[in-house]
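Peer 1: Next come a sequence and a model predicted from it.
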Amino acid sequence: MEINVIDKLSALAHENRLALFRLLVRRYPDAVPAGEVAQALGFKANTTSTYLSALRNAGLIDQRRMGTSLCYVARLDGLQGMFDTLLSECCQNRPDVCSIPAHRPIPQPSLDRPLKVLFVCSGNSARSLLAEALLNGEGQGKFIAYSAGTTPSEAPNAEALSTLAARGYDVSRLSSKGLSPFQADDAPTMDLVVTVCNQAANGELPHLPGRPLHAHWGVANPLHDGTQTKVAMRSAFEILKHRIQAFTWLPFDRLDPYALQHRIDEIGHLTPTHSTS
């Protein structure tokens, strides 16, 4: 069955279906379980299933089975096809109508021009702070890392600070904070924003100056009760260290923004094969 632009527009012409589609676009290229989608958006399971079916029939999302779960991923080719029809065919390629600003290339990080990265999680008490300290330590001055939370905690988690300090990373400047400082007129312009928890990735982050690239490097929540917290925190540390080291080794000056985006996405699925600390 041929799917035309009207089918796609009709599928998106509903507040909740649009919210669901936007969530899957934010999480691309990850496939998200239907249950996680329902929980993130506060929808009932049967309602979520109906919305997913409508978007799938319109060619805007795909369904994948992962184990016992049905997961869904945005189809960017379907979205691009809709844009091409609306912005290219309809406007006859007028640059004043169709032109979409290109992402600025990111130069090779250097001491003179360090690359700025903001790590975001929900509480900004553990995972995002681990990532901030790791990149500032591993980046050798060529990267400047920051962190924030969508609903920040009052203070950093003590086990997170202990995990970093025991391995020689500076924790003196780490604090839990929200995103508002990074929206101010005098805020540093980010090159990249990385979410490190699904809760933050599923929500809509505020607009930040500079049109930074975005990626998701999901890490399981290490803040468990009891004696497992230390083990879980070390696991989160090792996963993030492995990914951040791979990130600092990227040949930024040889990657256009599209290739760089894909490489950064791939890093979000890396896991260490052995202990790094």
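Peer 2: Sure, I can see it.

Peer 1: Count residues in the vicinity of F247, would you?
Peer 2: The local packing of F247 (other Cβ atoms under 10 Å) involves 26 other residues. Any C-beta I mention is one placed from the backbone N, CA and C, and that applies to glycine too.

Peer 1: What of F43?
Peer 2: F43 has 19 nearby residues by other Cβ under 10 Å.

Peer 1: Could you find the closest non-adjacent residue to it?
Peer 2: Distances taken as Cβ to Cβ, 6 or more residues apart in numbering put N16 closest to F43, at 6.7 Å, once the chain neighbours are dropped.

Peer 1: How many residues are close by the one you found?
Peer 2: 14.

Peer 1: pretty sure it is touching Y51, no?
Peer 2: Yes - if you go by Cβ atoms under 8 Å, N16 and Y51 touch, sitting 6.1 Å apart.

Peer 1: what is in contact with the two at once?
Peer 2: Listed as contacting both N16 and Y51 by Cβ atoms under 8 Å, 6 or more residues apart in numbering are F43.

Peer 1: all strands for this protein, in order.
Peer 2: 32-33, 61-66, 69-74, 115-121, 143-149, 192-195, 213-216 (DSSP state E).

Peer 1: which one of those strands lies closest to V25?
Peer 2: strand 69-74 (4.7 Å; Cβ to Cβ).

Peer 1: ok, that closest one: who's next to it in the sheet?
Peer 2: Next to strand 69-74 in the sheet, as set by DSSP bridges, lie strand 32-33 (antiparallel), strand 61-66 (antiparallel).

Peer 1: In the last one, which residues are buried?
Peer 2: By neighbour count with 16 or more other Cβ atoms under 10 Å, strand 61-66 contains the buried residues 61-62.

Peer 1: Send me it as CSV with only the CA atoms.
Peer 2: C-alpha atoms of strand 61-66 as CSV (Å, rounded to 0.1, in the frame of the first residue of the first chain):
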residue,chain,number,x,y,z
ILE,A,61,7.9,4.2,12.9
ASP,A,62,9.0,0.6,12.7
GLN,A,63,8.4,-2.2,15.1
ARG,A,64,11.1,-4.6,16.3
ARG,A,65,10.9,-7.6,18.7
MET,A,66,13.7,-7.7,21.3
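
Peer 1: Now do that strand: distance to the chain's middle.
Peer 2: How far strand 61-66 lies from its chain's middle: 20 Å, per Cα atoms, centre = their mean, to the nearest Å.

Peer 1: Quick one: residues in contact with it.
Peer 2: By Cβ under 8 Å, 6+ apart, strand 61-66 touches 21, 24, 31, 33, 52, 55-56, 70-75, 78.

Peer 1: quick one: the spatially closest residue to L9 that is not a sequence neighbour and G59, what's the gap?
Peer 2: Spatial nearest neighbour of L9, chain neighbours left out: M82 (7.2 Å); criterion: Cβ to Cβ, 6+ apart. Distance of M82 to G59, computed by Cβ to Cβ, to the nearest Å: 9 Å.

Peer 1: shared neighbours of those two, which are they?
Peer 2: Shared contacts of M82 and G59, counting by Cβ under 8 Å, 6+ apart, come down to K8.

Peer 1: Can you dump the C-alpha atoms of stretch 24-38 in PDB for me?
Peer 2: The C-alpha trace of stretch 24-38 is given here as PDB (Å, rounded to 0.1, in the frame of the first residue of the first chain):
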ATOM      1  CA  LEU A  24      10.900   8.300  19.400                       C
ATOM      2  CA  VAL A  25      12.700  10.800  17.300                       C
ATOM      3  CA  ARG A  26      14.600  12.000  20.400                       C
ATOM      4  CA  ARG A  27      15.600   8.500  21.200                       C
ATOM      5  CA  TYR A  28      16.600   7.600  17.600                       C
ATOM      6  CA  PRO A  29      18.400   5.300  16.700                       C
ATOM      7  CA  ASP A  30      17.300   3.400  19.800                       C
ATOM      8  CA  ALA A  31      14.200   1.200  19.700                       C
ATOM      9  CA  VAL A  32      12.100   1.900  22.800                       C
ATOM     10  CA  PRO A  33       9.800  -0.700  24.500                       C
ATOM     11  CA  ALA A  34       6.100   0.100  24.300                       C
ATOM     12  CA  GLY A  35       5.900   0.000  28.100                       C
ATOM     13  CA  GLU A  36       8.600   2.600  28.500                       C
ATOM     14  CA  VAL A  37       6.800   4.900  26.000                       C
ATOM     15  CA  ALA A  38       3.500   4.500  27.900                       C
END
